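> Build the 3D model from these lines:
(4 chains)
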Protein chains: 2
Amino acid sequence: MSAKTKAATRPVARPALSREVVADRAVELADIEGLEAVTVRRLATELGVTPMALYWHFRTKEELLAGLGDRVLDSVRVPEATGDWAADLRTALVALIAAMRPHPQLADLVAERMLQHPHGRDLTEIALGTLADAGFAPAPASYLAMLALRTAIALVTGDQVDDSGMTAEEREEQQRRKTAMIRSLPPKQYPALVAHADAMTYCSDVDMFFELGVDHYIAGVKGMAPLSR
Amino acid sequence: MSAKTKAATRPVARPALSREVVADRAVELADIEGLEAVTVRRLATELGVTPMALYWHFRTKEELLAGLGDRVLDSVRVPEATGDWAADLRTALVALIAAMRPHPQLADLVAERMLQHPHGRDLTEIALGTLADAGFAPAPASYLAMLALRTAIALVTGDQVDDSGMTAEEREEQQRRKTAMIRSLPPKQYPALVAHADAMTYCSDVDMFFELGVDHYIAGVKGMAPLSR
DNA sequence: ACCTGAACACCGTTCAAGT
DNA sequence: ACCTGAACACCGTTCAAGT
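The predicted structure follows:
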């Protein structure tokens, strides 16, 4: 509209490509339309650039996806230690979940970057340290640390298997079909399932769901801890 | 070789396509080369047939993948109930893990077919029933049942993020690099992590790993159960 | 009923070339 | 240093046609 055709180096249209700019746009795309929408070509047009331009900043698509996982880990706020192993283990798990929660589509990518990223290493250090404090030997401690990671993924992934790129009506419609399907089962054969038709479909309180997941994890660790008494 | 050019309806070469034959070949392919090797075109050549031939038996690739999940659930041996809720919950989880274990690549597909498949419904019924017996309200019972499913996935998936289509040497090489990377971290900053370098990389006893996962899940449920005293 | 053939709109990626 | 253009070998899928 204005007369400035040769304004500042970069107008608003294209904000100078970089690893971060590309990764952020990809995260946005994944959040809105799902991870399968994140293709090299789609991302390029989204950024107003040729597909090959992205290959200057990332060697392969795999490296790009790793960048998405890193972007989530960047947002982790690593908690301070208090000395109470159970409490510290819990807050570490909560911190991971908090970071992953806005980006459920990227959960699996985060898992793969855990030991490559400073924040991921910090959380792992806390997990292994607290588990060692609880009396676990190296092998079970490692297993339980990995299980914490998978628990976080399970929780943020939720049961909404893939509601990405789905309107509110479509999701409702899908939920209605699910309850209807469960309710139509023979009650003699599936009494509990039929009775839980609503609970299995609608997550009434998401925060409670997350808390329950964390509680369960910690309770399980406490129940197995050699030094829990 | 023999003179029979018009022998039986189908020689050995092509064993008459069907949903099951296609699905089984796809499962085989996924086990050996990974799920990403399962493409319509690759599967078709594998079966000595045109890509479009598969579309007679499956409407879309999505339906084909669902078929793979079903194939795994077919192999589930649904356990009998004993009346002891904790024991029954455990054997149900163990049964699911046993079926998924030979096909780690298909774990996520199994999750999506859980309520569509008779065996999946049976296991879910057991989980919800035992959790209700333990005193859990519908919402937490549903959450914990879902968590059991995700626990099974976490365990069979393991830490071998993707060792599909990988020779033994390649895997060893990768593991060596992983321990080396962890050990090269500053021990002041990551004492526990460095100390667990081996345990985090090599899974010395896979069975113990699975047992620990199941133990943890059950311990967590017991720790939270309203009726557990 | 079951499968083929040609075509379409997509992928990730290489390689040589532009500025 | 950063990006374009053309090309290659792959995808899933539609649609009309063969037997």
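> how about low-confidence regions in chain A?
A:1-15, A:159-165, A:228-229 (pLDDT under 70).
> And it, what are its domain boundaries?
A:8-59, A:83-161+A:203-228 (automatic domain parsing).
> Please identify the most buried of the ones you listed.
Stretch with highest mean neighbour count among those: domain A:83-161+A:203-228 (a mean of 20; mean count of other CB atoms under 10 Å in any protein chain shown). C-beta: built from backbone N, CA, C; applies to glycine.
> quick one on the thing from earlier: so which of the domains of chain A gets nearest DNA strand D?
Closest to DNA strand D of those is domain A:8-59 (CB to the nearest atom of the strand; 2.9 Å).
> what about that closest one and DNA strand D, touching?
Yes. Contact between domain A:8-59 and DNA strand D is present through A:A16, A:L17, A:V49, A:T50, A:M52, A:A53, A:Y55, A:W56, A:H57 (criterion: CB under 7 Å from any atom of the strand).
> That domain close to chain B?
No. Domain A:8-59 does not reach chain B (CB under 8 Å from any CB of the partner chain); its nearest approach is 11.4 Å.
> DNA strand D contacts on chain A?
So chain A meets DNA strand D at A:A16, A:L17, A:V49, A:T50, A:M52, A:A53, A:Y55, A:W56, A:H57 (CB under 7 Å from any atom of the strand).
> Throw the residues you listed into TSV and include secondary structure, thanks.
Below are the residues of chain A next to DNA strand D laid out as TSV (DSSP: H, G, I helix; E, B strand; the rest coil):
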residue	secondary structure
A:A16	coil
A:L17	coil
A:V49	coil
A:T50	coil
A:M52	helix
A:A53	helix
A:Y55	helix
A:W56	helix
A:H57	helix
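> Dump those residues to CSV, plus distance to A:G120.
Compiled in CSV, the residues of chain A next to DNA strand D are given as follows (distance: CB to CB, whole Å):
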residue, distance to A:G120
A:A16, 28
A:L17, 26
A:V49, 30
A:T50, 33
A:M52, 31
A:A53, 29
A:Y55, 26
A:W56, 26
A:H57, 22
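> Against DNA strand C, which of these make the cut? List them.
Restricting these to those near DNA strand C - CB under 7 Å from any atom of the strand - leaves A:M52, A:Y55.
> Name the nearest of the residues of chain A next to DNA strand D relative to A:A127.
A:H57 (32.3 Å; CB to CB).
> State whether that closest one and A:L17 are indeed in contact, as I suppose.
Yes. In this structure, A:H57 is within contact of A:L17 by CB atoms under 8 Å, at 6.4 Å.
> And the helices in chain A?
Along chain A, the stretches classed as helices by DSSP state H are A:19-33, A:40-46, A:54-57, A:61-74, A:85-100, A:107-113, A:118-133, A:138-157, A:168-183, A:191-195, A:197-201, A:206-224.
> Let's see the longest one as CSV, backbone CA atoms only.
Output for helix A:138-157, consisting of C-alpha atoms alone and laid out as CSV, is shown next (Å, rounded to 0.1, in the frame of the first residue of the first chain):
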residue,chain,number,x,y,z
PRO,A,138,21.5,-49.0,38.0
ALA,A,139,19.5,-51.4,35.8
PRO,A,140,16.0,-50.9,37.5
ALA,A,141,16.8,-47.2,37.9
SER,A,142,17.4,-46.9,34.2
TYR,A,143,14.2,-48.8,33.4
LEU,A,144,12.1,-46.7,35.7
ALA,A,145,13.6,-43.5,34.3
MET,A,146,12.7,-44.6,30.8
LEU,A,147,9.2,-45.5,32.1
ALA,A,148,8.8,-42.0,33.4
LEU,A,149,9.5,-40.7,29.9
ARG,A,150,7.0,-43.1,28.4
THR,A,151,4.4,-42.2,31.0
ALA,A,152,4.8,-38.5,30.1
ILE,A,153,4.3,-39.4,26.4
ALA,A,154,1.3,-41.6,27.3
LEU,A,155,-0.3,-38.8,29.2
VAL,A,156,0.1,-36.0,26.7
THR,A,157,-0.8,-38.2,23.8
